[in-house]
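> Here is my input; please provide its structure:
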Amino acid sequence: MKLQDVANLIGGELIGDGDIEVTGIGKIESAKPSEVTFISNPLYEKFFSGTSAGAVIVSRRFISSQYERFDDRVVPLIKVEDPYLAFLELLDKFSPKTELQKVGIDETAVVCESAVISNEEVRIGAHAFIGAKVKIGKRVSILPNTVILTGAEIGDDVLIYPNVTVYNGSMIGSRVIIHSGTVIGSDGFGQAKNPDGTFQKIPQKGIVVIEDDVEIGSNCSIDRATIGETIIRKGVKLDNMIQIAHNVEIGENTVIASQSGIAGSTKIGKNCMIGGKVGIVGHISICDGVILTAATNVSKSITKPGLYSGYRAQPQMNELKQEAIIRRLLKNK
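Numbers count the residues shown, from 1 in each chain. A predicted model of the protein is given here:
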């Protein structure tokens, strides 16, 4: 693709030779002269001086003259409002999606007679199991060894990778992606202590509801509700290895990083960002627009949007002030 065509595709302003031919995308540290790269994080601007890329996608505020090159080469720029979104658009162009599963039901798959499966481009892989009264929408791909148990419902354009288990009654919306090893709808952790010190299992009779446009990483566990629903709202994105307990509700467009755990009956608002290894206790609520930095522990409800961190979550500026005071005390000891 000519560089001018690349600029046109992503709606950018080209500064440089539009006739340069590019064949792919690379990282700014290692991109070849035939590749396009990008800078969206200021931390990577330091690599501009030495990049061999054929062109760099940058923000409209980027000024190349601030960086002295190691050679006399003038690197073409494509200026856009958001370099990262432009990069994603270009990535789709240069790396088209491969077909993960052929249309149809593999001969080794087991599909119960009462299951209702759309006849429009459904793909069911080898050794998958589709239980009784399961409903599967249009253009769904269920890859090998996945298990969908009784009464589960799956919307349109869903992609489920190998070795996923969807328990009975779970409801999955449209355009959902679920990665390998994830379990949807396992029993919530409910145990009642008997007078003799033993524990009696509390029956988990609810379901899991996953709304549209959700992506769930690998090896996540989302527990069914004790009664009612565990709900993952529209547009939520979950990283790998996340535990979501029974009756939790996660609001629209919230993102959660790896190894975080949310205890039962907690409600999380819309547009929150939760870092890795965050722990959240049960039966609390977190309002919309909260950012929790990595390894934060939340022990009580958060009612105001903002940035929180610490062993016991608090506004980050408060935590930083406390840390500074402690350091001064140690220094003056």
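
> Count the residues that sit near Asn271.
Neighbour count for Asn271, taken as other CB atoms under 10 Å: 15. Yep, even glycine has a C-beta here, placed from its N, CA and C like the rest.

> Tell me the buried residues in stretch 276-291?
Within stretch 276-291, the residues scored as buried using 16 or more other CB atoms under 10 Å are Gly276, Val278, Gly279, Ile280, Ile284, Ile286, Cys287, Val290, Ile291.

> So of these, which two are at opposite extremes in space?
The span of those, defined through CB to CB, is set by Gly276 and Cys287 at 21.3 Å.

> quick one: Ser49 and Gln66 touch, right?
No. Using CB atoms under 8 Å, Ser49 is not in contact with Gln66; the gap is 9.9 Å.

> where along the stretch 1-150 of the chain do the helices fall?
Assigned by DSSP state H, counting those that start in this stretch, the stretch 1-150 of the chain shows helices spanning 3-9, 83-94.

> tell me the mean pLDDT over the last one?
For helix 83-94, the mean pLDDT works out to 91.

> next one: the first one
Per-residue pLDDT values over helix 3-9 give a mean of 95.

> go on, stretch 249-264?
On average, stretch 249-264 scores 98.

> I'd like the distance from it to the chain centre, please.
Relative to its chain's centre, stretch 249-264 lies at 10 Å (CA atoms, centre = their mean, to the nearest Å).

> Bridged to Leu238, which residues?
Beta-bridge partners for Leu238, by DSSP bridges, are Ile216, Ile256.

> If you could redo that for Ile210, that was the one I meant.
Assigned bridge partners for Ile210, using DSSP bridges, are Ile172, Ile232.

> can you pull the contacts of it?
By CB atoms under 8 Å, 6 or more residues apart in numbering, the residues touching Ile210 are Ser170, Met171, Ile172, Gly173, Val176, Ile184, Ile216, Ile222, Ile232.

> let's go with 10 Å and repeat that
Applying CB atoms under 10 Å, 6 or more residues apart in numbering to Ile210 gives the contacts 154-155, 158, 166, 170-173, 176, 178, 184-185, 216, 222, 230-234, 236, 238, 250.

> Where in the chain is the helix or strand with the lowest mean pLDDT?
Ranked by mean pLDDT, DSSP states H and E, the helix or strand of the chain with the weakest confidence is helix 316-331, at a mean of 88.

> Could you list the residues in contact with it?
Helix 316-331 is contacted from outside by 291-293, 296, 306-315, using CB under 10 Å, 6+ apart.

> Pull the most distant pair out of those residues.
The distance between the two most remote of the contacts of helix 316-331 (CB to CB) is 17.7 Å, for Gly306 and Tyr311.

> Run a quick neighbour tally on the closest residue to Arg312 other than its chain neighbours.
Computed as CB to CB, 6 or more residues apart in numbering, the closest residue to Arg312 that is not its neighbour in sequence is Ser299, at 5.5 Å. Ser299: 11 surrounding residues under other CB under 10 Å.

> Test my guess that Ser299 contacts His283.
No. Look at Ser299 against His283 with CB atoms under 10 Å: they stay out of range, at 11.1 Å.
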